[in-house]
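K.L.:
Have a look at this prediction, sequence included:
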Amino acid sequence: MENYKMYINGEWISGKKENSIKVYNPATGELIAYVPNGGEKETKEAITAAYEALPRWADLPANVRSNYLKKVYQLMIERQEEIAQLMTFEQGKPLKEALGEVFYAAGFVDWYAEEAKRIYGETIPAWSPNKRILAIKQPVGVVAAITPWNFPAAMITRKIAPALAAGCTVVLKPASQTPLTAIKLCQLFEEAGIPKGVVNLVTGSAQVIGNTIMEDKRVRKVTFTGSTEVGKKLMEQSAKTVKNISLELGGHAPLIVFEDANLDKAVEEALASKLRNCGQTCIASNRFYVQESIKEEFIGKLKNRLKDFIVGDGMKEGVLIGPVIDKNSYDKIQQHIKDAIEQGAKLEFGGKSYHNGISQQGGYFVEPTLLSNVRKGMTVAKEETFGPVLPVISFKTEEEAIEMANDTDYGLAAYFFTESLSRSIRVAEKLEFGIIGVNDGRTSTPQAPFGGYKESGIGREGGHFGIEGFLEIKHISIEL
Ligand code: ADP
């Protein structure tokens with residue numbers, strides 16, 4: 001059993017063994033590692049290291065910061081198998097998907113290695129003949145990145161790569177369920193020669209580390225991906241020191257299938273958007289609105305394809321759906337299915353959940369589950385399930401579908417399927433979501449902006465937009 005360490009000011013720091021955090025393999029329930037239970041002291045040390053490293057890192061020429069990121073990218077590609085295996089081991093996703101995530105994660109490093117060189121300012125025509133106005137962009141300062149367990153690599157690089165490109169230094173707090181991938185990435189940052197203190201990693205109690213970060217004036221930016229509940233708390237806490245904050249929170253994505261859709265394509269994209277990572281993504285389609293005239297046909301086609309989705313240990317060849325992350329998740333999914341059936345939904349496919357043992361001695365698995373006759377009041381139609389459940393609701397008109405889709409406090413992703421060009425534009429413009437997939441269930445890519453409307457978050461990550469959150473704009477006024 002390996003004892004992993006935290007990375008603070010270029011040193012690998014052990015915690016006390018008795019307080020270590022246990023990491024489990026969600027497919028088997030086996031204890032696979034210990035990571036340190038860092039607290040206030042370690043978090044402050046990490047912030048101090050980042051604060052002291054900041055001026056030198058920010059002053060480096062952009063191409064030098066870019067070259068460090070290019071080296072990290074190369075290392076990630078070289079070590080793709082190793083990183084993917086570690087990810088499957090601690091998170092459960094099928095190995096092939098984990099490998100896909102390594103490329104996705106490395107893509108952000110590649111993109112921001114380039115973006116580092118394009119932090120342009122502006123000269124603005126002054127209204128006074130003897131004045132000159134410049135607007136330059138500078139790093140916001142020390143950044144705290146708090147990341148979730150569902151994408152243990154990509155959620156880290158999507159934050160750290162633009163932060164480093166912008167000239168910021170970082171304190172990273174990964175999810176307690178998946179700290180090993182984060183530790184591996186920090187090893188690669190070190191191997192790439194990134195100076196000490198520029199990236200720091202603390203593991204331990206989210207509450208203690210979170211509070212320490214939020215109270216410290218030296219942390220100027222918090223970038224968080226996780227639940228809406230914790231996001232709201234961080235937003236409140238950020239008021240005390242007026243921290244800059246970016247939030248990627250929960251979603252409740254609608255997926256609308258119009259009668260003029262290519263149904264085979266709609267089925268494939270729906271499955272991709274729903275079943276990736278066992279439905280544990282914030283952009284997973286969570287409610288399927290299907291136009292009445294094609295409902296039976298769509299359900300028939302889905303049922304036919306769901307048979308191919310083998311559930312099991314993500315390390316096994318051929319498995320397409322791994323375990324859910326833990327018992328809480330499993331219980332919530334089961335509760336959603338039970339509630340729907342009790343309220344009159346029809347179980348069309350799946351429905352079984354199983355567990356290999358008791359407590360921490362076995363993984364938690366859920367079969368892909370298709371429900372029809374779902375209605376508005378059911379929990380599956382109101383809340384994010386974060387599991388492989390497909391609830392189908394029928395609709396009659398385009399207006400009705402849009403209204404139902406927008407009837408939520410969330411606004412992250414939405415998908416719809418149609419072969420009509422004018423409907424594509426019309427519906428895309430009316431949906432109140434930050435990401436719209438038109439005949440596309442796989443929207444995530446490093447070049448594009450990712451983020452939500454309403455209570456799904458603040459700010460955008462990815463693409464050239466994603467570096468803006470790590471920059472301040474400074475107005476320099478010169479009188480001649
Ligand atoms: P999820 O439901 O995806 O686990 P969470 O919001 O609970 O979402 O967790 C996302 C990240 O936020 C994790 O790294 C977690 O440890 C961290 N976290 C949880 N509670 C707090 C908190 N009170 N303050 C700061 N970070 C927190």
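P.N.:
Received it, and whenever you're ready, just let me know what you need.

K.L.:
Could you find the closest non-adjacent residue to the residue nearest to the spatial centre of the chain?
P.N.:
Closest to where the C-alpha atoms of the chain average out (C-alpha atoms, centre = their mean) is residue 155, at 4.9 Å. Among residues not flanking residue 155 along the chain, residue 147 sits closest, at 4.4 Å (C-beta to C-beta, 6 or more residues apart in numbering). No exception for glycine: its C-beta is placed from N, CA and C like everyone else's.

K.L.:
thinking the one you found is in contact with residue 156, fair?
P.N.:
Yes: the pair residue 147 and residue 156 passes the contact test of C-beta atoms under 8 Å, sitting 5.3 Å apart.

K.L.:
and the stretch 51-200 of the chain, which of its residues are near the ligand?
P.N.:
146, 147, 148, 149, 173, 174, 175, 176 (C-beta under 6 Å from any ligand atom).

K.L.:
Wait, the third one touches residue 225, no?
P.N.:
Yes: contact status for residue 148 versus residue 225: in contact at 5.2 Å, counting by C-beta under 8 Å.

K.L.:
what touches both of these two?
P.N.:
Shared contacts of residue 148 and residue 225 (C-beta atoms under 8 Å, 6 or more residues apart in numbering): residue 155.

K.L.:
which one of these two has more residues nearby?
P.N.:
More crowded of residue 148 and residue 225, by other C-beta atoms under 10 Å: residue 225, with 26 against 21.

K.L.:
Bridged to the more buried one, which residues?
P.N.:
residue 248 (DSSP bridges).

K.L.:
and residue 194, helix, strand or coil?
P.N.:
Here residue 194 is coil, with the state taken from DSSP: H, G, I helix; E, B strand; the rest coil.

K.L.:
do you know how far residue 11 is from residue 4?
P.N.:
As defined by C-beta to C-beta, to the nearest Å, residue 11 lies at a distance of 14 Å from residue 4.

K.L.:
Give me the more crowded residue out of those two.
P.N.:
A count of neighbours by other C-beta under 10 Å puts residue 4 above the other of residue 11 and residue 4, at 22 against 13.

K.L.:
Do you have the helices of the stretch 201-350 of the chain handy? List them.
P.N.:
Secondary structure of the stretch 201-350 of the chain, counting by DSSP state H, counting those that start in this stretch: helices at 206-215, 228-238, 263-275, 295-306, 327-342.

K.L.:
could those helices go into a markdown table alongside mean pLDDT and mean neighbour count?
P.N.:
Formatted as a markdown table, the helices of the stretch 201-350 of the chain follow (pLDDT from 0 to 100; neighbours: other C-beta atoms under 10 Å):
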| stretch | mean pLDDT | mean neighbour count |
| --- | --- | --- |
| helix 206-215 | 98 | 18 |
| helix 228-238 | 98 | 16 |
| helix 263-275 | 98 | 20 |
| helix 295-306 | 98 | 17 |
| helix 327-342 | 96 | 18 |
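
K.L.:
what about the helix or strand of the chain with the lowest mean pLDDT, distance to the chain center?
P.N.:
For the chain, the helix or strand with the lowest mean confidence is strand 2-3, at a mean of 82 (criterion: mean pLDDT, DSSP states H and E). Taking C-alpha atoms, centre = their mean, to the nearest Å, one finds the center of strand 2-3 at 27 Å from the center of the full chain.

K.L.:
Also stretch 28-42?
P.N.:
How far stretch 28-42 lies from its chain's middle: 21 Å, per C-alpha atoms, centre = their mean.

K.L.:
what's the average pLDDT for the helix or strand harbouring residue 161?
P.N.:
Using DSSP states H and E, residue 161 maps to helix 154-166. Here helix 154-166 scores 98 as its mean pLDDT.

K.L.:
what do you get for stretch 425-444?
P.N.:
Taken as a whole, stretch 425-444 has a mean pLDDT of 98.

K.L.:
First-to-last residue distance for that stretch?
P.N.:
The straight-line separation of the ends of stretch 425-444 (C-alpha to C-alpha, to the nearest Å) is 20 Å.
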